[in-house]
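Visitor: Everything below, folded, please.
(2 chains)
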Amino acid sequence: MLLSRRQFAVPFPPNSSSRSHASKKKSRRFHGGNQLIPLLESCKSIGQIPQLHALVIKAGQDRNPLVLFKMLRLCSKLSSMDYALRVFETILVPDVYHYTALLEGHVALASPRSAIELYFRMVGEQIRPDAIVIAYVLKACASVLALPDGRQVHCQVLKLDLGRERPIKMRLMELYARCAQFEDAKLVFGETPERDAVAATILVSSLSDHGLLEEARAVFDSVLDKDTVCWTAMIDGYVRNGLANAALDLFREMQRECVRPNEFTVVCILSACSQLGALELGRWVHSYVGKNNVRLNAFVGSALVDMYAKCGSLEEALVVFDEMEEKDVVTYNSMIAGLAMHGRSNEAVKVYEQMVRDGLRPTQLTFVGVLNACSHSGLVDVGFEVFESMAKDYELEPRIEHYGCMVDLLARVGRLEEAYEFAKGMRVEPDHVIWSALLSACKIHGHLSLGEKVAEILIDSEAADSGTFVLLSNVYSSFGKWKEAARIRANMRGKGILKEPGCSSIRVDNEIHEFLLGDIRHPRRKEIYMKLEDLNGVLRQEGFVPAKDVVLQDIEEEEKEWALAIHSERLAICFGLIATEPGTTLRIVKNLRVCSDCHSMIKIIAKVTGRRIVVRDRNRFHHFEDGSCSCGDYW
DNA sequence: CTAGGGTTAG
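Guide: Got it, this is the predicted structure:
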């Protein structure tokens, strides 16, 4: 549920100075505020706050500390902090409870800075903090990594002798662990009951956040009685550090131990599936959700949409999306990004429009998805409209990734000079990625002079990684500038930068088969290469001319070998053709982008073999069917 | 105490 600012700004009833003529008869109905409290506790809607407040005033209860506390708490609970603050300012002598009620609201609303300030204001007023406010303020400190403030609170804890309170211990651990002060965290941990699962979970997740997985695992293994949350924290640690396979192994172990997964666990596992492109397992998790009353909330649903989209089954993503009842911003963002990834740009824009109609407020990531969709299909006008509406309608300042999409959008359709001007006029400094996008478009559209200008910027920037070098070298080769191409490669070698090897994988019978460039390690290599020969013959009959011949003149011997080697996706496809039943869809995952030569080749393979071939690229999907590709050769 | 969405380049 999303509330606009307008909904927060509810009218404020007259203050106590103007209520002196309130009816004495009516106020008797709320004797001592006793009847008011249940009303304040049961209220569920922001709109009713002013009426309740008016009742409090009429009943002459606006000096009753308990009633005021409940009032503040109600405002905090309903995220109406403006109103809460105004009530707070009317309190002559606020006590710890009043401060706590406000702090609660700030912590829940993710404005921890205000919570911390408020706490120190309270201490400044000589009000003695109790264990509960301290737990709240420590949570606030932990969430914004405010270590010095947190340490100061810790000193107060020791002075007030509250160090043995369990909630405080947990928060102190969280604070120190999140701020990477693991020695301090373990000191506090040492004081907790032996192998406390909750305390261990805090450590496990903070250690993983800092990439210290082995230490996290050691803490995890030391816990005797692990609950679902503890297991999930460790699984999540693996997923967030890119170790999806380790996460899945641990998940299987969790099931062997008969610990039931909950919504959180399922979300983590789905995220692991997305990383791996593991469609079958993802489907299994989906059916598990259905059978084991795991609630299909917005989190689970969004993770499912994301998983199906990233595993290549956009249709299933759409089914989940359409059937979901609790869609939130993230759900829409996942669907939009998924459609963009599959080149279904117009639908992505439609979902965006539907989201706005449904009253949801788009976020930065929504725009990343929509603009990305536009650049994948050359929708320049829509792209600019959406880009401009970011700031105008949603007060969102475009970030470098949004500018990146725009430069890419212009450059890919061939409006290179405009793209260049756009990049120079950005409100943020363009990075090497933006220049690379532009350079790549210069190559596609054969614009040498601009390409050289951009190449110079890239070489000077020192931010170049292996991808930039490979791109530069390819650009020079495509313009026939062999010497420059060789120089770039030498430069790259000199700096000790290695090209990331192209690698494609395909899953057959529950087993992942990986192929590198010109790979000859596979046990069925003979059949694979025979199939390739066989296809090459058919392709020639279909009139397919490999583009390589053109590029081969004038390059060094070593380069030649590299250019001649067989791209990994071809090997994966040939293996798929011989290892699966005719008619089976082939799903290939590749770590780099498909080159245009392979792209044209796969189109024909799909046609002559009657197969659907789905290729997951570095950054999008290609669906090959009957001689054409879903990207319309624009990618 | 644990959870979902991420651009551009090779």
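Visitor: quick one: average confidence on stretch A:590-601?
Guide: Mean pLDDT, computed over stretch A:590-601, is 84.
Visitor: Now do the end-to-end distance for it.
Guide: Using C-alpha to C-alpha, to the nearest Å, the end-to-end distance of stretch A:590-601 comes out at 16 Å.
Visitor: can you list contacts of it?
Guide: Outside stretch A:590-601, the residues within contact range by C-beta atoms under 8 Å, 6 or more residues apart in numbering are A:500, A:502-505, A:539, A:544, A:546-548, A:567-570, A:572, A:602, A:615-619, A:622, A:629, A:633, A:635. In short, each C-beta sits where N, CA and C put it, glycine included.
Visitor: which of those are buried?
Guide: A:502-505, A:539, A:544, A:567-570, A:572, A:602, A:615-617, A:622, A:629, A:635 (16 or more other C-beta atoms under 10 Å).
Visitor: related to what we said a few turns ago, which of the contacts of stretch A:590-601 are close to DNA strand B?
Guide: Counting by C-beta under 7 Å from any atom of the strand, A:Glu500, A:Arg618, A:Asn619 from the contacts of stretch A:590-601 sit close to DNA strand B.
Visitor: Can you say which helix or strand has the spatially closest residue to the second one that is not a sequence neighbour in it?
Guide: The spatial neighbour of A:Arg618 that comes closest, neighbours along the chain excluded (C-beta to C-beta, 6 or more residues apart in numbering), is A:Arg593 at 4.8 Å. Under the assignment given by DSSP states H and E, A:Arg593 is not contained in any helix or strand.
Visitor: and the residue lying closest to A:Lys44 once chain neighbours are set aside, what pLDDT?
Guide: Leaving aside its chain neighbours, A:Lys44 sits nearest to A:Leu78 (7.8 Å; criterion: C-beta to C-beta, 6+ apart). A:Leu78 carries a pLDDT value of 80.
Visitor: In contact with A:Leu78, which residues?
Guide: A:Cys43, A:Lys44, A:Ser45, A:Ile46, A:Ile49.
Visitor: Got phi/psi on A:Asp519?
Guide: phi -60, psi 130 (degrees, to the nearest 10).
Visitor: Pull the number of nearby residues for the closest residue in space to it that isn't next to it in sequence.
Guide: Once flanking residues are discounted, A:Asp519 sits nearest to A:Leu571: 5.8 Å by C-beta to C-beta, 6+ apart. Neighbour count for A:Leu571, taken as other C-beta atoms under 10 Å: 26.
Visitor: tell me the contacts of A:Leu571?
Guide: Per C-beta under 8 Å, 6+ apart, neighbours of A:Leu571: A:Ser504, A:Phe515, A:Asp519, A:His522, A:Ile528, A:Leu532.
Visitor: redo that, cut-off 10 Å
Guide: Going by C-beta atoms under 10 Å, 6 or more residues apart in numbering, A:Leu571 touches A:504, A:506, A:513-520, A:522, A:525, A:528-529, A:531-532.
Visitor: near DNA strand B, which residues of the stretch 351-500 of chain A show up?
Guide: Counting by C-beta under 7 Å from any atom of the strand, the residues of the stretch 351-500 of chain A near DNA strand B are A:363-366, A:368-369, A:372, A:375-376, A:399-401, A:404-405, A:408, A:431, A:433-434, A:436-437, A:440, A:465-468, A:470-471, A:474, A:500.
Visitor: Sketch out the helices for the stretch 301-450 of chain A, chain order is fine.
Guide: Here the stretch 301-450 of chain A has its helices, by DSSP state H, counting those that start in this stretch, at A:314-323, A:329-341, A:345-357, A:364-377, A:380-394, A:400-412, A:416-424, A:432-445, A:448-461.
Visitor: closest one to A:Gly583 among these?
Guide: Within the helices of the stretch 301-450 of chain A, the stretch nearest A:Gly583 is helix A:314-323; the backing value is 17.5 Å (C-beta to C-beta).
Visitor: Are that closest one and DNA strand B in contact anywhere?
Guide: No. Judged by C-beta under 7 Å from any atom of the strand, helix A:314-323 stays clear of DNA strand B, getting no closer than 11.2 Å.
Visitor: my read: A:Ile132 touches A:Val96, true?
Guide: Yes. Assessed by C-beta atoms under 10 Å, A:Ile132 is found in contact with A:Val96 at 8.1 Å.
Visitor: Overlap in contacts, the two.
Guide: The contact sets of A:Ile132 and A:Val96 overlap at A:Leu103 (C-beta under 10 Å, 6+ apart).
Visitor: so what's the spatially most central residue of chain A up against?
Guide: With distances taken as C-alpha atoms, centre = their mean, A:Leu365 lies nearest the centre of chain A, 8.5 Å away. Contacts of A:Leu365 were listed using C-beta under 10 Å, 6+ apart, and they are A:Val329, A:Val330, A:Tyr332, A:Asn333, A:Ser334, A:Ile336, A:Ala337, A:Glu401.
Visitor: for A:Ile168, same thing?
Guide: A:Ala131, A:Ile132, A:Ile134, A:Ala135, A:Leu138, A:Val153, A:His154, A:Val157, A:Leu160, A:Leu162, A:Val188.
Visitor: Pick out whichever of those sits closest to A:Ala108.
Guide: Of these, the one sitting nearest to A:Ala108 (C-beta to C-beta) turns out to be A:Ala135, at 13.6 Å.
Visitor: Which residues of the stretch 101-250 of chain A lie near DNA strand B?
Guide: Contact residues (C-beta under 7 Å from any atom of the strand) of the stretch 101-250 of chain A with DNA strand B: A:139, A:170, A:174, A:197-198, A:201-202, A:205, A:227-230, A:232-233, A:236, A:239-240.
Visitor: Go again with 6 Å.
Guide: Within the stretch 101-250 of chain A, the residues that sit near DNA strand B (C-beta under 6 Å from any atom of the strand) are A:Ala197, A:Val198, A:Thr201, A:Ile202, A:Ser205, A:Val229, A:Cys230, A:Thr232, A:Ala233, A:Asp236.
Visitor: what's the distance between the fourth one and A:Met170?
Guide: Using C-beta to C-beta, to the nearest Å, one obtains 6 Å as the distance from A:Ile202 to A:Met170.
Visitor: Now do the shared contacts for the two.
Guide: Contacts common to A:Ile202 and A:Met170, judged by C-beta under 10 Å, 6+ apart, are A:Val188, A:Phe189, A:Thr192, A:Asp196.
Visitor: Compare those and tell me which is most surrounded.
Guide: Going by other C-beta under 10 Å, A:Val188 tops those with 23 neighbours.
Visitor: Let me know the distance separating that one from DNA strand B.
Guide: 14 Å (C-beta to the nearest atom of the strand, to the nearest Å).
Visitor: What confidence value was assigned to that residue?
Guide: Reported pLDDT for A:Val188: 87.
Visitor: what's the answer for the one 10 residues further on, then?
Guide: What the model reports for A:Val198 is a pLDDT of 92.
Visitor: What is the burial count for the residue in the stretch 1-150 of chain A positioned nearest to DNA strand B?
Guide: Nearest residue of the stretch 1-150 of chain A to DNA strand B (C-beta to the nearest atom of the strand) works out as A:Lys139 at 6.6 Å. Residues contacting A:Lys139 under the criterion other C-beta under 10 Å number 19.
Visitor: what residues are up against it?
Guide: A:Leu103, A:Glu104, A:Val107, A:Pro112, A:Ala115, A:Pro167, A:Met170, A:Arg171, A:Glu174, A:Leu175.
Visitor: Buried subset of the residues you listed as a ChimeraX selection?
Guide: Buried residues among the contacts of A:Lys139 (16+ other C-beta under 10 Å), as a ChimeraX selection:
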select /A:103,104,107,112,115,170,171,174,175
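Visitor: quick one: contacts for A:Ala337?
Guide: Contacts of A:Ala337 by C-beta under 10 Å, 6+ apart are A:Val305, A:Asp306, A:Ala309, A:Lys310, A:Ala348, A:Leu365, A:Thr366, A:Val368, A:Gly369, A:Val370, A:Asn372, A:Ala373.
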